[in-house]
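1. Okay, sequence plus prediction incoming.
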Amino acid sequence: MSGTLLAVERLNLAFVSAGQRVPVINNLTFSVAPGESLAVVGRSGSGKSTLLNLLCGLQTPDDGVIAIDNESFGNASDAVSIARWAELRRQLIGVVFQQANLMPALSLVDNVRLRTHLAGRHKQDERWWLQRLGVGDQADRYPDRVSGGQAQRAALAMVFAMSPSLILADEPTGSLDRHTADEVAESLFNVQVETGCALVLATHDSELAACCGRVLDLSAAG
Ligand SMILES: Nc1ncnc2c1ncn2[C@@H]1O[C@H](COP(=O)(O)OP(=O)(O)OP(=O)(O)O)[C@@H](O)[C@H]1O
């Protein structure tokens, strides 16, 4: 696949802590092609989660540019930019966290349904997506009645069902035991390749990072 889906140019962010400016993202430049997978690694505190927050507009950089599908975002945090980022998170960017972020009052299938409706994908077969991620038989259960691995599979079904161009995953298997983590990771990479969406995955887990096409080490960046 060619072209660029995500382009990050000279991105900078510092936090202010106890009156001190603490640089976290330093002059970072990289790009991701459609369908590509990139692992973001680095020691604890190197800025992996912060970078993912920047890539979906939950954090505003001090300077630099993030371009998604040729639409550029800088350090503006006005209402129009905030609304546009929210739209991208609804339709184009799927976000997966360490803990499955499911609505506790909805069954797994209704969680997926809510996500596809928010994305405007009204013709998706939500049960099929749960089946594809290996939890079809849990579709009518509520999040507090399934295991951590099953909940994370449902969270993945939720983002894949919205047909995103880009998935941002922050330690998506970090709360699971090794065996379950490997199984969930296998499903994640299989469906990512099958659907052709790009993946940026932050992780401490070198085995998981090795499954990605490329690795960006934030400990070495800057
Ligand atoms: N809202 C905030 N205000 C101030 N400092 C912050 C804030 N968020 C993160 N930081 C600091 O920024 C640095 C990067 O944090 P971040 O969570 O991005 O690192 P990480 O690489 O994801 O770490 P870990 O691997 O432990 O999850 C840390 O030093 C953290 O303390």
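-> Arrived safely, thanks for sending. Numbers count the residues shown, from 1 in each chain.
2. got the CA positions of the longest helix along the chain in CSV?
-> If you go by DSSP state H, the chain has its longest helix at helix 178-195. The C-alpha trace of helix 178-195 is given here as CSV (Å, rounded to 0.1, in the frame of the first residue of the first chain):
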residue,chain,number,x,y,z
ARG,A,178,0.3,-14.1,28.8
HIS,A,179,-1.8,-16.8,27.1
THR,A,180,-4.9,-14.6,26.8
ALA,A,181,-2.8,-11.7,25.7
ASP,A,182,-1.3,-13.8,22.9
GLU,A,183,-4.7,-15.0,21.7
VAL,A,184,-6.2,-11.4,21.7
ALA,A,185,-3.1,-10.1,20.0
GLU,A,186,-3.4,-12.7,17.3
SER,A,187,-7.0,-11.7,16.6
LEU,A,188,-6.1,-8.0,16.6
PHE,A,189,-3.4,-8.5,14.0
ASN,A,190,-5.4,-10.9,11.8
VAL,A,191,-8.4,-8.6,11.6
GLN,A,192,-6.1,-5.5,11.2
VAL,A,193,-4.5,-7.1,8.1
GLU,A,194,-7.8,-8.4,6.8
THR,A,195,-9.5,-5.0,7.1
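3. so what pLDDT did the residue positioned nearest the centre of the chain get?
-> For the chain, the residue sitting closest to the mean C-alpha position, by CA atoms, centre = their mean, is Leu168 at 1.6 Å. We have a pLDDT of 98 for Leu168.
4. With Gly136 instead?
-> You'll see Gly136 listed with a pLDDT of 96.
5. excluding its backbone neighbours, what's nearest it?
-> Spatial nearest neighbour of Gly136, chain neighbours left out: Leu130 (4.9 Å); criterion: CB to CB, 6 or more residues apart in numbering. Any C-beta I mention is one placed from the backbone N, CA and C, and that applies to glycine too.
6. Thanks again, I'm all set now.
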